[in-house]
Every structure is written in structure tokens, then in C-alpha cells.
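J.: Return a 3D structure for these sequence lines:
(2 chains)
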Amino acid sequence: MAVTVRIPTPLRKLTGGADEVSIEAANVGELINNLEAAHAGLKERLCDDAGEIRRFVNVYVNDEDVRFMGGRDTELKDGDEVSIVPAIAGGI
Amino acid sequence: MNIVRALKCRECGQEYDIEPTHVCEFCFGPLEVVYDYDKLDGYFTRELIESRPQTMWRYKELLPINDEPTVGAQNGFTPLVRAKNLEKALGVKELYIKNDSVCYPTLSFKDRVVSVALSKAVEFGFKTVACASTGNLAGSVAANAAAAGLESYVFIPHDLEQGKVLGAGIFGTNIIGIKGKYDDVNRLCSEVAGKYGWAFVNVNVRPFYAEGSKSLGYEVMEQLGWKAPKHIVVPMASGSLCTKVDKSIKEFIKLGLIEDNGTAVYGAQATGCSPIAKSVKDGTDMIHPVHADTIAKSLAIGNPADGFYANRVINESGGWAEDISDEEVVAAMKLLAEKEGIFAETAGGVTLGCAMKMIESGKLPRDESIVLCITGNGLKTQEAVAEEITKPRIIEASLKEFDVLAEADGVGV
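T.: Predicted structure coming up:
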């Protein structure tokens, strides 16, 4: 099952400049591990020492924040689009 | 004198050169501007500040631009009003309103952050500026960009109040309505910012932008007679203002401009979007994102980027956070208008309403100074109160008809 992952600017040094990569994974946790296998160094940017997704990293599957779904257990299916977005401010 | 040292990651401490960038490459933590305050020793005095024009730029050494601002040179320095009528109504001894509902030029405190962001964008050589906005920011970016001769793109949720859409569109900006909530707009803009070479005020120039909020705090302290209030209540969306007000107070103490008054910082949210207030009340620093649903659209950020830091400021300063219903927001907007003649937007209702709730619960003491930060103008959120206000009574242009009306009101001649 291949999903498309959109890579934010700060991480593109690790993907050879690519803004999108295609990765095989059945859920978000597996996706992060497989991202790491393909592009070493990505996992430590996305996850803390305990393996949890960092406070300032937002992961979206087809426009839904995985925090509202199953977190790292969120299931993925063929053709899903995953976005990794740094938390950004606005409002007051 | 330029005392800006670097950009520094708030999480891991990694430092970066002054560039249009906003997240740490190592841990994704937010970057913040840090300064060499020692350089201001003996130079940045009350007298120097008082000798300058009454704008937010009288504190320019503490704002991250080189030399003079190129955008928004007139912005800031709004009134601090002693709210005598509200003091009576609420049963408190010393209450002030910092009234940014009349901030120049677009009637919200966003004119502060935007003038810093756009001045910095010009320094960096950008020709196009952009933002993700709940409304006030869009208007401010559009207006200040127009005055500075910059091209602008503003992205807003498609269902914003008409006053905010019009209040941006009039400036000839490129206004884009996104089918979704603010958090969706924000996410899109983060991706747009990565692709187009624009200065996004709340994305890639955010570290500079956010510093502009400190000017509100500086002004409050100067206007109180070079003194920090005991208590200050701010509305929270991302939580940024809360952290910057706290930073402004700490900076003035460090620079010897004021005594440490043990100021406690309080946060206000609408119950329909209260992830930060909830975390404070629950005694945790974990912020759980929510799907926002409130009439206080300028505060409707379900995934608050600075929530963790706002929570910490509130806890460490000895403050508290509260949230109120949409009905309470409207009631507080009316009370502020009827008692003090200030027509604030919904976020102002949130601030006053939450302050009232905290006064009742004893979290805010009645006998010490309290400052409420009003950040936007009610003319932009008229929908919220349209059905609640006194409607005109229509009569002919006849003295007789008025006499009848006056008699019914019990008014004597």
C-alpha cells in the first residue's frame, strides 16, 4: 500500500530536496519507520525519544489531524495523502 | 541601536542566523528572536522612550528590525482607559482597559505585529506578503501592504464575518476564502509558504511578527506610570499574545525600567474553542486540539501553536485561565459598550466575560490592579450583537410625537 507523503521545507534536506515521497505503510507508526529507512534522520525529527510524535509536529492523513484519529495507529490505505506540517501560529 | 542576536529554538536551544525561517530544523520547535540586552545598559531609559513619538516604535530597540521601521511607522500607542464604571459594576478597586480596538490603521492589535513583520519582510527583500488569518490579520496585512506598496495574498476561512472580509478586500489585496476552518487555512498556508517565495507573516517571518505583540505590554507599563499591573487578562487563540505580554514585562524588569510587581497573566477563551484554558484547569501541559465552534472567530484556533508556552506562562506567573459560553460573550460585549463606551469585537467579550468569571470565583482579587486587553473592534463582528441591541424607535419629525414618547419614558422637561 503506497501513500504519498508531503515533506515540509525544513525536512527536504533529508529527502534530497523532494517535496513528496511515496512510502509503503499500513499505519502512521509504520510510515514513520519506513520513512526513516528510506531517508535516515527523519524519525528523530518527527518523534521524541519515546517514539511519540513531537509536540510541534502535525501529521495529517487526507486533511485530518491524526490526533483526532488513531495517532500512530491511524490506518493508511493505498493512495492516501499524508502531510507533515510544523505547528504554526496565528490569531491572538 | 540593534541588539538582535539570533533566532533560537525554544525547545532545543539551537541558534540560527536572522533569516525568514520559523521552525528548528532539528526538532521542529518554534524559533524566537533573542537579544543582547546588555548593549542597552545606560542607554535605553524612560527619558529616551518618553522623548519619542507616541507610537509602538518608541520601544524599537526591543523590536527585531534594523534601524527604522519601513512599514507602519504610525502604528500602536492606543489608550489605556481607567474603567471606573466597570469597577463599580464588577466590585473591583482598580480596573483598566488597554483599548486596541482603536489601533491604527485597521482597528486591531494585529497592526502591531504586521508592522514588524512587513518591515522585516522589506529588509529581507520580499515583494509579496501573505498571511493565514481569522480576519483581523488579513485586514491589517492588506492595509499595511497597500501603504507600503507591497503585493499581498490573504487566506481566510470562507465563512468569516462580513466586516472582516470587507475590511480586507477594500485594500485591493488578493483575498482567498478556504472551505474549512482556520486550522485548515493554516495548514494550507504552511504548504503554500514552502512553495512560493513570499513573506508569510505568521509562517516564515513569524518569529519577527510575534515580537510585535510585546509593544502592547510595554505601553501598558509606561501608561500605568512605569509600573506593571498586578494582573493582566489576555484573549487566547494560538496563545502567542499571552507569552509576549509576559516577555515584555520580564524585559522591562531586566532593563530596570520597572520594578518586578509579581504580575500574574490570565488567559481567556470561548468554551467552543478552549484547548488552552482546559489544559490549565486540568492541571496538565498537554494541549489537546479541538474542532473550534464559537462566535469568537478571531479566537477559533483549535490547534494552538503557542498553547504549551501560554500554559506555562499562566502557571509560572500565578495566573489562571477561564472560558465562557457564546451567550456570555455577547453579554460582556454589551456590558463593555454600555459601561465604558468601548465597542469591542467578540474576543473583547471573551476577555471581559472571563475576567468577570474569575473575579466571581476569587481567582482575580478585587483589591489589586487588573488590566484587560481588548484586541479588536466590534464594528467588524456586528453579526454577533445585531439581534441584541436597542433598535431605533421611529417617529415623525414632530415635537408632539416626541413629547408622547418622552412622557412614556418618564422624562421631565
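
J.: Close to chain B: what parts of chain A are there?
T.: Residues of chain A lying close to chain B by CB under 8 Å from any CB of the partner chain are A:6, A:8-10, A:13, A:19, A:45-46, A:54-58, A:60, A:63, A:65, A:67-68, A:83, A:85-92. From N, CA and C alone the C-beta is placed, and that goes for glycine too.

J.: which residues sit in contact with B:P79?
T.: By CB atoms under 8 Å, 6 or more residues apart in numbering or on different chains, the residues touching B:P79 are B:N99, B:V102.

J.: And it, how close does it get to chain A?
T.: 19 Å (CB to the nearest CB, to the nearest Å).

J.: Could you check how far that residue is from B:T271?
T.: 30 Å (CB to CB, to the nearest Å).

J.: Same check on B:S152?
T.: Between B:S152 and B:T271 the distance, using CB to CB, works out to 34 Å.

J.: between the two, which one's more packed in?
T.: B:S152 (26 against 19; other CB atoms under 10 Å in any protein chain shown).

J.: Can you point out the buried residues in the helix or strand that contains that one?
T.: Element membership of B:S152 [criterion: DSSP states H and E] is strand B:151-157. Of the residues in strand B:151-157, B:S152, B:Y153, B:V154, B:F155, B:I156, B:P157 count as buried by neighbour count, 16 or more other CB atoms under 10 Å in any protein chain shown.

J.: Identify the farthest-apart pair in these.
T.: Across these, no pair lies farther apart than B:S152 and B:P157, at 17.7 Å, counting by CB to CB.

J.: biggest helix in chain A by residues?
T.: In chain A, with assignment by DSSP state H, the single longest helix is helix A:28-38.

J.: which ones are touching the residue nearest the centre of chain A?
T.: Closest to where the C-alpha atoms of chain A average out (CA atoms, centre = their mean) is A:I84, at 4.6 Å. With contacts taken as CB under 8 Å, 6+ apart, A:I84 has the following neighbours: A:V5, A:R6, A:I7, A:P8, A:L11, A:L46, A:V57, A:N58, A:V59.

J.: so the third one sits right up against A:G16, yeah?
T.: No: with contact defined as CB atoms under 8 Å, A:I7 and A:G16 do not form a contacting pair (10.1 Å).

J.: Specify which residue of the two has the higher count of neighbours.
T.: The neighbour comparison of A:I7 against A:G16 (other CB under 10 Å) goes to A:I7, with 22 against 8.

J.: Setting aside sequence neighbours, what's the nearest residue to that one?
T.: A:T15 (5.1 Å; CB to CB, 6 or more residues apart in numbering or on different chains).

J.: what does B:C12 give?
T.: Per CB to CB, 6+ apart, closest to B:C12 is B:C27, 4.7 Å.

J.: again, but for B:K357
T.: Nearest residue to B:K357, sequence neighbours excluded (CB to CB, 6+ apart): B:E322, at 5.0 Å.

J.: Repeat that for A:I23.
T.: Nearest non-adjacent residue to A:I23, counting by CB to CB, 6+ apart: A:N34, 5.1 Å away.

J.: For the nearest residue to B:E151 once chain neighbours are set aside, give me its contacts.
T.: Across the structure, with CB to CB, 6+ apart as the measure, the residue nearest B:E151 apart from its sequence neighbours is B:T128 (4.3 Å). Remark: with contacts taken as CB under 8 Å, 6+ apart, B:T128 is in contact with B:L150, B:E151, B:S152, B:Y153, B:Y196, B:G197, B:W198, B:A199.

J.: quick one: pLDDT of the fourth one?
T.: B:Y153 is assigned a predicted lDDT (pLDDT) of 97.

J.: And the strands in chain A?
T.: Assigned by DSSP state E, the strands in chain A fall at A:2-6, A:20-24, A:57-61, A:64-65, A:81-86.

J.: Work out the gap between the fourth one and the centre of the chain.
T.: Read that as strand A:64-65. What separates the centre of strand A:64-65 from the centre of its chain is 11 Å, taken as CA atoms, centre = their mean, to the nearest Å.

J.: what's in contact with it?
T.: A:N58, A:V59, B:D183, B:P289, B:N303.

J.: Partner strands of it and their direction?
T.: According to DSSP bridges, the neighbouring strands of strand A:64-65, each with its direction, are strand A:57-61 (antiparallel).

J.: just the last one next, same as before
T.: Listed by DSSP bridges, the sheet partners of strand A:81-86 and their directions read strand A:2-6 (parallel), strand A:57-61 (antiparallel).

J.: what's the angle between the first one and strand A:20-24?
T.: Here the directions of strand A:2-6 and strand A:20-24 differ by 150 degrees (axes from the mean of the first three to the mean of the last three CA atoms, to 10 degrees).

J.: What lies in contact with strand A:2-6?
T.: Residues contacting strand A:2-6 (CB under 8 Å, 6+ apart): A:19-25, A:31, A:35, A:76-84, B:191.

J.: and the residues you listed, which are buried?
T.: Neighbour counting with 16+ other CB under 10 Å marks A:V21, A:I23, A:A25, A:L31, A:L35, A:L76, A:D80, A:V82, A:S83, A:I84, B:E191 as buried within the contacts of strand A:2-6.

J.: Angles on the backbone of B:H231, please.
T.: In terms of degrees, to the nearest 10, the main-chain angles of B:H231 are phi -140, psi 140.

J.: do the same with B:L95
T.: Backbone torsions of B:L95, given as degrees, to the nearest 10, read phi -130, psi 130.

J.: B:T21 too?
T.: With angles defined as degrees, to the nearest 10, B:T21 sits at phi -150, psi 150.

J.: Could you do B:D159 as well?
T.: Dihedral angles (degrees, to the nearest 10) for B:D159: phi -110, psi 30.

J.: Kindly report the same for the one 3 residues further on.
T.: Here is the backbone geometry of B:Q162 (degrees, to the nearest 10): phi -60, psi -40.

J.: check contacts around it.
T.: B:Q382, B:E383 are the contacts of B:Q162 under CB under 8 Å, 6+ apart.

J.: If we use 10 Å, what do you get?
T.: By CB atoms under 10 Å, 6 or more residues apart in numbering or on different chains, the residues touching B:Q162 are B:K380, B:T381, B:Q382, B:E383.

J.: got a pLDDT number for it?
T.: At B:Q162 the predicted local confidence, pLDDT, stands at 88.

J.: Distance of A:E75 relative to A:V85?
T.: A:E75 sits at a distance of 20 Å from A:V85 (criterion: CB to CB).

J.: Pick out whichever of the two has more residues nearby.
T.: A:V85 (23 against 14).

J.: and B:I97, that's in a helix?
T.: No: secondary structure of B:I97 (DSSP: H, G, I helix; E, B strand; the rest coil): strand, not part of a helix.

J.: Much appreciated, bye for now.
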